[in-house]
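Chemist: take this sequence and fold it.
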Amino acid sequence: MMKQSKYLILMGDVIGSRRKDQLMLINSFKETIDAVNKEKKNGFLSPMTITLGDEFQSVIKNLSAALEIIFSIEEKIATNGKNFKLRYILEEGEIETPLNRKIEYGMLGSGLATAREHLESSKDTRTRFAFYLDNKKRSMALDDAFLVFQGILDDWKIDKDYRIIGMFLQHKDYKQVAEAANKDRSLMWKRERSLKLDQYFATKQIIKYIGEVSDV
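Modeler: Numbers count the residues shown, from 1 in each chain. A predicted model of the protein is given here:
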């Protein structure tokens, strides 16, 4: 049996990190990454490792796991009111050295180098999610779906939306959110629609389906 050399490499970095309070950002970023590493540990071949203070890299088991990890990061940022946004690259590429399964460090390969190049070039775009898979049509489908996904996420405001979004992510139904927040049901119904949460959950489900089909 041939030894696997191609892997799914997930990299990301904080957008506009130099304009933020560095100590607060580093602590907030690390807290989020650590939480997702723990929650989604079964999805990693090599966990997310913070490399330059405001960047991470990792190796993922399969596409479904990669998508779930991205969802988890974004939802933890919203639920915990974190004041930063990430851009992501998912690259299908080669790693020639043995996998380090405890920390994503000390590995070499063309896939890692290309992923970093794509992450760097993405800084000239407004797109926060980009996919470079061997299956080009699947990459295009994910790019398009995440463009819609990003449009919803980036409309959410930290100061006035994140707390209530955290409740919707937990309960989903506006009636349960109204009860948990001790708010009027009609107000929560309006908030659900203004925040486009129905579209959020629907887009997320479409993206998950793309991942599940590819993993069959």
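Chemist: Asp124 and Phe146, how far apart?
Modeler: Noted for Asp124: a distance of 18 Å to Phe146, by C-beta to C-beta, to the nearest Å. Using the backbone N, CA and C atoms, a C-beta is placed for each residue, glycine as well.
Chemist: so for these two, which sits in the more crowded spot?
Modeler: Set Asp124 next to Phe146 and count neighbours by other C-beta atoms under 10 Å: Phe146 wins out with 22 against 7.
Chemist: report the contact partners of the more buried one.
Modeler: 127-129, 131, 207 (C-beta atoms under 8 Å, 6 or more residues apart in numbering).
Chemist: now, of these, which are buried?
Modeler: With burial judged by 16 or more other C-beta atoms under 10 Å, the buried subset of the contacts of Phe146 is 128-129, 131, 207.
Chemist: give me the subset of these lying in helices.
Modeler: Per DSSP state H, helices hold the following members of those: Ile207.
Chemist: lowest-confidence helix or strand of the protein?
Modeler: Least confident helix or strand, the chain: helix 158-171 with a mean of 87, by mean pLDDT, DSSP states H and E.
Chemist: and that helix, what does it pack against?
Modeler: Packing partners of helix 158-171 (3 or more C-beta pairs under 8 Å, 6 or more residues apart in numbering; DSSP states H and E): helix 63-79, helix 174-181, helix 185-194.
Chemist: repeat the analysis, applying 7 Å as the threshold.
Modeler: Counting contacts by 3 or more C-beta pairs under 7 Å, 6 or more residues apart in numbering; DSSP states H and E, helix 158-171 packs against helix 63-79, helix 174-181.
Chemist: any idea of the angle it forms with helix 185-194?
Modeler: Orientation check (axes from the mean of the first three to the mean of the last three C-alpha atoms, to 10 degrees): helix 158-171 against helix 185-194 gives 100 degrees.
Chemist: who touches helix 158-171?
Modeler: With C-beta atoms under 7 Å, 6 or more residues apart in numbering as the test, helix 158-171 has contacts from 75, 78-79, 81, 83, 156, 177, 180-181, 191-192, 195, 197.
Chemist: so can I have TSV of those showing distance to Thr114, neighbour count and pLDDT?
Modeler: Below are the contacts of helix 158-171 laid out as TSV (distance: C-beta to C-beta, whole Å; neighbours: other C-beta atoms under 10 Å; pLDDT from 0 to 100):
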residue	distance to Thr114	neighbour count	pLDDT
Glu75	28	18	95
Ala78	30	20	92
Thr79	33	16	90
Gly81	34	14	89
Asn83	31	13	88
Trp156	32	18	93
Val177	43	25	91
Ala180	45	14	87
Ala181	46	16	86
Arg191	42	20	92
Glu192	41	20	91
Leu195	36	18	93
Leu197	36	20	93
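Chemist: between the residues you listed, which sits nearest Glu96?
Modeler: Of all these, Glu96 sits closest to Glu75, with 34.3 Å by C-beta to C-beta.
Chemist: contacting residues for that closest one?
Modeler: Glu75 neighbours (C-beta under 7 Å, 6+ apart): Leu169.
Chemist: show me where pLDDT drops low in the protein?
Modeler: Within the chain, the ranges that satisfy pLDDT under 70 run 1-4, 19-21, 98-108, 214-216.
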